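[1] Using only what follows, build the 3D model:
(2 chains)
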Amino acid sequence: MLNFILRRLMLVPVLLFGVTVLIFAMLQFLGPVDRAALYIRDVPRNERQVSAVIKHYGLDKPLHIQYWRWLVGVVDSNGKRAGGILYGDFGWSRTGSQPVADLIRNRFPNTLDLTIWAVAPVILVGIWLGVQAAVHQNGIIDQAARIFSIVGTSFPTFVFGLLMLMIFYANLQWFPPGKASDWVNQIIYSAGFHRYTYLLTIDALLNGRLDIFWDAMRHMLMPILTLSYISWATFVRVTRSSMLETLRMEYVTTARAKGLHERDVIFKHAQPNAMIPVVTLAGFQVILLLGGVVITETVFNYPGIGQAAADAAAQLDVITVLGFALFNGFILIVSNLVVDILYAVVDPRIRLS
Amino acid sequence: MAEIIPSGDNTLLRDTVAIREIGWLERFLGPENYRITRGLLKTPASILGFILIGLFVIIALAAPLIAPPVNPNDPYKIPRDGFISEPRPMGTPWTRKPPPLPFWWKPIMGTDQWTHILGTAQGQYDVFYGIIWGVRTAFKTGFIVVVATFLIGTIIGSVSAYYGGLLDNVLMRIVDIFLTLPFILAALILAAVLTPKIGKSLLPAIIALIAFSWMTYARLIRGDILSVKQRDYVLAAKVIGVKDSRILFRHIIPNAIFPTLVYASLDIGNVVLTFAALSFIGVGTEVGYADWGQVLSFARNWITSLNRYWYIIVWPGLTLVLFVMGWNLVGDALRDVLDPRMRGKT
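    Down below sits the predicted model:
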């Protein structure tokens, strides 16, 4: 077990190095002037300034030197550091008019708020539905799950989102897009409201303001559904097939033969073993969600990191998108690590190999 | 087969073992590939999928007849009927410079007046025209991306699997690294850096999609080659001193490639979906290019009044969904056929 975790940990620096090199390589498509946005706020306009900036930050130096400077930044004579992704400085965002790191810091809590609500119900209810579909094979739940999973995987996120907007916002006027109503915005920035976590729904609960929580939920319900319906489809399908396979195992027959209650057979003997592929899938969901928020937030005009990335890309603000990609890359590396270790904990075959 | 067969008596053999006719297709494809092909043509879902794909192929081929372009040299430009931003409803007549009337319009409708069958989107772009020519764009991008990713993936995957060892390790870590970046973001960056270099066209998004989707194929083919590599005929070829490249290209790849090939050809649906998502965000083609994501993106400024302008999302959205669903239905059947636990059950 320890051996496995150590070997897995050793892969992390390799991945980190690889991801940074890959992103740095894409950065090289930009000219030196655009790359100056890594270090300074205003990209200079006239010739003299341009060449001064290029010289000062060494944007014409060989690649390995530039790569190193990109990692650790440039320290000027006053001891002030500019740039350096290892120090959390991803450069200046033209579209956001603020440093990319600040943009991420401001937007990420919103995205996290959205994704938490999109993940938790999927995992809990999705697994339950999958188990039910397997136990009652070819029953109503099973058939519904099958149709849902085919239709669900064929529906592009943005088409689904637009249809949701059309039905529930424009026609029925049940759920508004955006993040919060105006009166909520006035309250949350006032002194009486403590922002503990910066996640609006959690903060509203901690402040005991159910009305704010309800307003936030009304705004988030459509994005949550849009973000999670593909996950629903895959979760139900994978849980179902894994559960079906497990139910055919001999130890399940043994458990039944010794007279165990069917409920115990399913939930105590079969389900824990059927969960192994589902754990992998849960890790894969993180990748899916981080991609999914780009589209979903754009459609619903929800101010998270995905919307900022999409806006930046549409206006060819590469530095900003690169910052987001780096940030997401780090999240993915960490979450994959957690999933792999979790996987080893769940499955003794991996732990011992 | 377990029975003992007396020598010289063939009647018993014929009775106990079902002798099956082997058709030319099976002879050509080999038993395993034949099984896959047959499995694909058996379920109603996959047949429906093939029908949908077939319909789209017909539309793509007949695009100039269904919706004749204003300028035959530049058919992918959606014709505009004025410059007012507000969408106009379905059935509004063309007012300004209508494109040529399609042959089927007069016999059915009885008039010479060409109308916006599916309305116009923001900026008076004709939705119907965008959808019809968008089918061609979809096939074009899907085809280019799939062929390129398949080639890159196959080369990297097979080299990695055949030589093994350090090279395999390095190549597979590179695959890991490419998979670590969130796909949409990576594609967004590459498309955004390439656009100033090569201008607004289909190319930036296509290159971005290729650069970040070859990894799946590399992994797939690697797995298949690892198993084929152990077969006796490969060993035999090695023993008689055949060159590495010849063993790889003549003996191993042809025997391992079929599942990856089928998988790749069915991936067109996914590619088209992702491409549409990119152009929906606004990366890729110039405004007014006949492409579904582009047509849908016109709706982004009208989300508060989609109850009135429903036609600007429902029709292009439905087309995209049906297209992707066609490929997914066939792909789903394929997954069942390729599942090793299903082997020998068709």
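[2] so who does A:V339 touch?
    A:V279, A:T280, A:A282, A:G283, A:V286 (Cβ atoms under 8 Å, 6 or more residues apart in numbering or on different chains). For the C-beta atoms, the positions are set from N, CA and C on the backbone; glycine is no exception.
[3] which one is the residue of the stretch 1-150 of chain B found nearest chain A nearest to, not counting chain neighbours?
    Relative to chain A, the nearest point of the stretch 1-150 of chain B is B:A45 (7.5 Å; Cβ to the nearest Cβ). Spatially, and ignoring its direct neighbours in sequence, B:A45 is nearest to B:L329 (4.9 Å; Cβ to Cβ, 6 or more residues apart in numbering or on different chains).
[4] what's the answer for B:L188, then?
    Closest to B:L188 by Cβ to Cβ, 6+ apart is A:A313, at 4.0 Å.
[5] measure A:M249 to chain B for me?
    Going from A:M249 to chain B by Cβ to the nearest Cβ, to the nearest Å gives 13 Å.
[6] Against A:V279, how distant is that residue?
    18 Å (Cβ to Cβ, to the nearest Å).
[7] now swap in A:W214 and tell me
    34 Å.
[8] just B:K77 next, same as before
    Taking Cβ to Cβ, one finds B:K77 at 50 Å from A:V279.
[9] now do A:S228
    Applying Cβ to Cβ, the value for A:S228 to A:V279 is 18 Å.
[10] Name the residue in those two with the higher neighbour count.
    Neighbours were counted for A:S228 and for A:V279 using other Cβ atoms under 10 Å in any protein chain shown; A:S228 has more, 26 against 16.
[11] In the stretch 101-250 of chain B, which residue sits nearest chain A?
    For the stretch 101-250 of chain B, Cβ to the nearest Cβ, closest residue to chain A: B:I177, 3.3 Å.
[12] Now do the contacts for that residue.
    By Cβ under 8 Å, 6+ apart, the neighbours of B:I177 are A:L15, A:G18, A:V19, A:L22.
[13] Keep the residues you listed, but drop any that are not near chain B.
    A:L15, A:G18, A:V19, A:L22 (Cβ under 8 Å from any Cβ of the partner chain).
[14] I'd like the residues you listed as a markdown table, with secondary structure, pLDDT and neighbour count appended.
    Putting the ones next to chain B among the contacts of B:I177 into a markdown table (DSSP: H, G, I helix; E, B strand; the rest coil; pLDDT from 0 to 100; neighbours: other Cβ atoms under 10 Å in any protein chain shown) gives the following:
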| residue | secondary structure | pLDDT | neighbour count |
| --- | --- | --- | --- |
| A:L15 | helix | 86 | 20 |
| A:G18 | helix | 87 | 19 |
| A:V19 | helix | 87 | 23 |
| A:L22 | helix | 87 | 21 |
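[15] For the spatially closest residue to A:N336 that is not a sequence neighbour, pull up the helix or strand it's in.
    Distances taken as Cβ to Cβ, 6+ apart place A:G283 nearest to A:N336, at 6.1 Å, with adjacent residues excluded. Using DSSP states H and E, A:G283 maps to helix A:276-300.
[16] Is stretch A:86-96 positioned near chain B?
    No - no part of stretch A:86-96 sits near chain B under the criterion Cβ under 8 Å from any Cβ; the closest distance found is 11.1 Å.
[17] How many residues are close by the closest residue to chain B within the stretch 251-353 of chain A?
    When scored by Cβ to the nearest Cβ, the stretch 251-353 of chain A has A:A314 as its residue closest to chain B, at 3.4 Å. Using other Cβ under 10 Å, A:A314 has 18 other residues around it.
[18] do the same with A:A255
    Each residue near A:A255 was counted by other Cβ under 10 Å, and the total is 19.
[19] Relative to A:H261, how far out is it?
    Using Cβ to Cβ, we find A:A255 at a distance of 10 Å from A:H261.
[20] Spatially nearest residue to the residue of the stretch 251-353 of chain A closest to chain B, not counting backbone neighbours?
    B:G282 (3.4 Å).
[21] Was I right to think that neighbour contacts B:S297?
    Yes - using Cβ atoms under 8 Å, B:G282 is in contact with B:S297, at 6.4 Å.
[22] Looking at those two, which one has more neighbours?
    Between B:G282 and B:S297, B:S297 has the larger neighbour count (other Cβ under 10 Å), namely 23 against 19.
[23] Name the nearest residue to that one, sequence neighbours excluded.
    B:F280 (4.7 Å).
[24] Which pLDDT value does the model give that neighbour?
    pLDDT recorded at B:F280 is 88.
[25] The stretch 101-250 of chain B against chain A: which residues are in contact?
    Along the stretch 101-250 of chain B, the residues adjacent to chain A under the rule Cβ under 8 Å from any Cβ are B:173-174, B:176-178, B:180-186, B:188-197.
[26] and with 6 Å instead?
    Residues of the stretch 101-250 of chain B lying close to chain A by Cβ under 6 Å from any Cβ of the partner chain are B:177, B:180-185, B:188-190, B:192-193, B:195.
[27] Which single one of those residues is nearest to A:W174?
    B:I184 (28.8 Å; Cβ to Cβ).
[28] Can you name the element that comes right after the helix or strand hosting the closest one?
    Using DSSP H and E, B:I184 sits in helix B:183-198. Using DSSP H and E, the next helix or strand after helix B:183-198 towards the C-terminus is helix B:203-211.
[29] List the buried residues of that next one.
    By 16 or more other Cβ atoms under 10 Å in any protein chain shown, the buried positions in helix B:203-211 come out as B:L203, B:P204, B:A205, B:I206, B:I207, B:A208, B:L209, B:I210, B:A211.
[30] With stretch B:95-111 instead?
    Buried residues in stretch B:95-111 (16+ other Cβ under 10 Å): B:P98, B:P99, B:P102, B:W105.
[31] same check, this time on stretch A:146-159
    So, applying 16+ other Cβ under 10 Å, buried residues of stretch A:146-159: A:R146, A:F148, A:S149, A:I150, A:G152, A:T153, A:S154, A:F155, A:P156, A:T157, A:F158, A:V159.
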